[in-house]
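> this one's sequence-less:
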């Protein structure tokens, strides 16, 4: 496939990242954190791919791997048709112009000792672009700040304005891809909406492609065209955002959606997952979700790893016993034929009217 | 607000922090009532004074460095004028608090059980063994599996959700009458958040206590609170039954908050943000503190402070100059605008 003709800007295949951790007093026992396991995703040109999941699910690691801020343990990353999984830092540098990042914390990600002009101008300096000052002032206007802010310092700005500065810096070199790692999580809800609207309008204006990471399902719904739901380093559901929100197939996605508290809804059935996310150092065998899953089938889910498969048009899920429809009551979900409950009494009584 | 059996009566609570840059008007004229079995949701953005008002109620602000006025009546006594040693008998016993960050609230070098039994011993003269047994019992009550052995764990061996459960166990040690939860689930994942909110609700029913739930998340409030107080720039903007606040909000700030909230139910064409940003509390705007950002401001707003009153017999309290019929009109437009989006 030719480099620029492909529909996909980013293609990752069987991507795996493990971090070594030391254990024991003399650090003799070496174990690994399975941060990202066998993840295959594509990001289409001009779309927003949302990656959603709870803390420790590997969403940020995936994003950093896409940008090659981390080196993959296995698997390939193709950016704009080019395999970048093992490129040297030197060879990566020209590509860095094409991929930028907006970080979560607008307080930590801007150097407090530099002016806004210097911060947004740095990408120009690194890549030897002339006429930075006027470009920076244009960028300030693009993100809804004023060109007069050029000589101010980050502490003079509110959280929302700082995040705009972060966005302006990411836009500086007209990248193809912007990875946004929880860009609105630190902001108040009224300001959050301002930044989300800004990101949306910039996407239309500059034909940007976003990878948008968030733990907040409502935010992802507003911004993403397609989403990948991650759990314990794996993608459990991947596909068109509307389909997944309206008809989740994976029990984890369903539990996640039903756990979101919402205004204006008085009574609804909620699946409450018991227990916590297992340690990524010793992830459960086969399907990583099986110890918490209401549809667990002994001898199948804990033996055979489910692969992502297409269960509806534009919707893939990695589950042996996907949901047939949505919403299902908790009892129905647990009644999946043959579901073996007896030996796991702690999962009983998980249905609640809220 | 439902009058009668007020468990906690807060009247005209005002907190000022003198700083070298001027006086921070953190909380101004906050008045509310909490009853047994009630969950009062306090919502607002950062800096709206929601946490500070609760710290003032708990007597956790340094009296030497803050100027606090008003009344906090608990069982007929004003907590604000109580001598420190008297207050200490109430705090942690009758009024307990659960904080946001369960990672920062537990001492990393003491066993979880020891920290809970310390709370037992702070107000009761019992043997250490009895205190430990009480700690285990409470850990079991808040849903820690194998409480007996887990009580011997150190905090780092607990997950975030379990730590927050341990914090709730610690708060329940002396069967408090009031539980103040300051952003109890903000640091937690959404599936764990659901578990903790459920636990707080269970505990409230079982012990018949009053709960103050401080949060920035309107969804959390909508699902758990009976009544809701919306705060902005240190003041109450709107205060009423939860069902009404979410179905018929009356204050333009509440409209703005609800409209800017991204929905998990549907993808909206555009989110409607509140323009501008919250004011500095060193010099809050005159008149209505929301007027610089309010799209419906008119002539009295910049100069006259609107009182917190019910604008009509069927309405709940709000602090806004807009006449009632205008609010009804704008409120219904807002509804149709949302339906169209």
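Ah, there it is. On a predicted model such as this, the values are computed, not experimentally measured, just so you know.
> OK, contacts around residue A:291?
Contact partners of residue A:291, counting by Cβ atoms under 8 Å, 6 or more residues apart in numbering or on different chains, are A:275, A:278, A:284. Every C-beta, even on glycine, is put in place using the N, C-alpha and C of the backbone.
> closest to residue A:210 out of those residues?
Nearest to residue A:210, judged by Cβ to Cβ, of these is residue A:278 at 30.5 Å.
> pLDDT check: weakest of the contacts of residue A:291?
Lowest pLDDT within these is found at residue A:275 (75).
> ok, of the contacts of residue A:291, which one's closest to residue B:187?
For these, the residue nearest residue B:187 by Cβ to Cβ is residue A:275; the value is 18.2 Å.
> quick check: closest non-adjacent residue to the closest one.
Leaving aside its sequence neighbours, residue A:275 sits nearest to residue A:292 (Cβ to Cβ, 6 or more residues apart in numbering or on different chains; 5.6 Å).
> what's the neighbour count on that neighbour?
Neighbour count for residue A:292, taken as other Cβ atoms under 10 Å in any protein chain shown: 20.
> and the residue sitting nearest the centre point of chain B, what is it in contact with?
The centre of chain B sits closest to residue B:214, judged by Cα atoms, centre = their mean, with a distance of 2.2 Å. Under the criterion of Cβ under 8 Å, 6+ apart, the neighbours of residue B:214 are B:42, B:50-51, B:54, B:180-183.
> dihedrals phi and psi, the closest residue to residue A:67 other than its chain neighbours?
Spatial nearest neighbour of residue A:67, chain neighbours left out: residue A:99 (5.4 Å); criterion: Cβ to Cβ, 6+ apart. The phi and psi torsions at residue A:99 (degrees, to the nearest 10) take the values phi -130, psi 130.
> without its sequence neighbours, what residue ends up closest to the residue of the stretch 1-150 of chain A found nearest chain B?
Closest contact between the stretch 1-150 of chain A and chain B, by Cβ to the nearest Cβ, is at residue A:54 (3.8 Å). Nearest residue to residue A:54, sequence neighbours excluded (Cβ to Cβ, 6+ apart): residue B:189, at 3.8 Å.
> follow-up on the earlier one: closest one of the contacts of residue A:291 to chain B?
Closest approach to chain B among those (Cβ to the nearest Cβ): residue A:275, at 8.3 Å.
> what's the local residue count around the closest one?
Neighbour count for residue A:275, taken as other Cβ under 10 Å: 16.
> cross-check the contact I'm expecting between it and residue A:294.
No: Residue A:275 sits out of contact with residue A:294 when judged by Cβ atoms under 8 Å, with a separation of 12.0 Å.
> mind checking if the longest helix along chain A is in reach of chain B?
Across chain A, the longest stretch assigned as helix under DSSP state H is helix A:189-206. Yes: residues of helix A:189-206 are located near chain B by Cβ under 8 Å from any Cβ of the partner chain, namely A:189-194, A:196-197, A:200.
> what helices or strands is that helix leaning on?
If you count contacts as 3 or more Cβ pairs under 8 Å, 6 or more residues apart in numbering or on different chains; DSSP states H and E, helix A:189-206 packs onto helix A:159-171, strand A:209-214, helix A:217-223, helix B:252-260.
> one more time with 10 Å
strand A:48-52, helix A:132-142, helix A:159-171, strand A:177-181, strand A:209-214, helix A:217-223, helix B:252-260 (3 or more Cβ pairs under 10 Å, 6 or more residues apart in numbering or on different chains; DSSP states H and E).
> in TSV, list those along with mean neighbour count and mean pLDDT.
Converted to TSV, the helices and strands packed on helix A:189-206 look like this (neighbours: other Cβ atoms under 10 Å in any protein chain shown; pLDDT from 0 to 100):
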stretch	mean neighbour count	mean pLDDT
strand A:48-52	26	96
helix A:132-142	17	93
helix A:159-171	24	92
strand A:177-181	24	95
strand A:209-214	25	95
helix A:217-223	24	93
helix B:252-260	23	91
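> reformat these as JSON lines; add distance to residue B:175.
Output for the helices and strands packed on helix A:189-206, formatted as JSON lines (distance: least, Cβ to Cβ, whole Å):
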{"stretch": "strand A:48-52", "distance to residue B:175": "40"}
{"stretch": "helix A:132-142", "distance to residue B:175": "57"}
{"stretch": "helix A:159-171", "distance to residue B:175": "40"}
{"stretch": "strand A:177-181", "distance to residue B:175": "44"}
{"stretch": "strand A:209-214", "distance to residue B:175": "40"}
{"stretch": "helix A:217-223", "distance to residue B:175": "37"}
{"stretch": "helix B:252-260", "distance to residue B:175": "35"}
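> contact residues of the stretch 101-250 of chain A facing chain B?
By Cβ under 10 Å from any Cβ of the partner chain, the part of the stretch 101-250 of chain A that sits against chain B consists of A:157-161, A:184, A:186-198, A:200-201, A:215-225, A:241-242, A:245-246.
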